[in-house]
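Trainee: with the input below, show me the fold.
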Amino acid sequence: MIRALFFDYDGVLTTDKTGSFTTSKYLSQALGIQHSKVQSAFRLYNKELTLGLISHADIWSEICQHLGQAINIELLYEAFESTPINTEMFLLAQRLKDSYVVGLITDNKKDRMDHLKKVQPLSQTFNPIIVSAEVGADKSSSKIFLCALESAHLFPAECIFIDNNEANLKAASTLGFKTIFHDDEKNDIAKLTDCLKDRGIRI
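Mentor: Below you'll find the predicted structure:
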């Protein structure tokens, strides 16, 4: 029996494929710097940020150097806030919350998710919220999924995990999670809803 549904964040609960894309797009437009140049500056630190080994504050001076100008770090938090919500997906999660544990598992930066929890109603809908930078492991590892199970006091076979990157489903599936790929480009919520119903989920 399924007792919990875990959602990925970027590309599932948002309409941008990744958080890195959202952040770099906003900064590119705000600063008038080529998008690819902003992406390259952040890409150098992405893995360490995602695993919680460093924060954006730790490398902000290096980012500014790569971009060739002094930038107030407050602009970064504005970039976080520009994250476009996938409203229909949020509504689906909210409906499910009445009958199931509804959680979030995301490969993400701690400071970004901390800020988004303040400006989005994440904690009202999702519990637990498992962030790679907080547990020191991303979705290529079973560790992040084991942390979610421990936090929710559940077994893998009781859980569904939804992600927009098929590679991110492998470790979860190996553990025994039921997994669903969500094509973020089509963002077909009706298809996802039907898929959940086929698995016995009450919506």
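Trainee: pull up the gap between the closest residue to Asn168 other than its chain neighbours and Glu150, please.
Mentor: Using C-beta to C-beta, 6 or more residues apart in numbering and skipping the chain neighbours, the partner closest in space to Asn168 is Lys139 (4.2 Å). All C-beta atoms are positioned from the backbone trio N, CA, C, and that covers glycine. Taking C-beta to C-beta, to the nearest Å as the measure, Lys139 falls 16 Å from Glu150.
Trainee: can you list the domain ranges for the protein.
Mentor: Annotated domains of the chain cover 4-17+85-198, 19-81 [automatic domain parsing].
Trainee: isn't Asp8 right up against Thr106?
Mentor: Yes: look at Asp8 against Thr106 with C-beta atoms under 8 Å: they come within range, at 6.0 Å.
Trainee: among the two, which residue is more densely surrounded?
Mentor: Thr106 (29 against 23; other C-beta atoms under 10 Å).
Trainee: straight-line length of stretch 154-162, end to end?
Mentor: 17 Å (C-alpha to C-alpha, to the nearest Å).
Trainee: returning to that earlier point: return the most buried member of the domains of the chain.
Mentor: Highest mean neighbour count among the domains of the chain (mean count of other C-beta atoms under 10 Å): domain 4-17+85-198, with a mean of 18.
Trainee: reformat the domains of the chain as CSV; add mean pLDDT.
Mentor: Output for the domains of the chain, formatted as CSV (pLDDT from 0 to 100):
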stretch, mean pLDDT
domain 4-17+85-198, 98
domain 19-81, 98
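Trainee: coming back round to it: dihedrals phi and psi, the residue nearest to Asn168?
Mentor: phi -80, psi 0 (degrees, to the nearest 10).
Trainee: any idea how far it is from Gly200?
Mentor: Counting by C-beta to C-beta - Lys139 and Gly200 are separated by 25 Å.
Trainee: Leu169 too?
Mentor: Relative to Gly200, and taking C-beta to C-beta, Leu169 is found at 19 Å.
Trainee: now do the SS call for Gly103.
Mentor: On the three-state scheme (DSSP: H, G, I helix; E, B strand; the rest coil), Gly103 is labelled strand.
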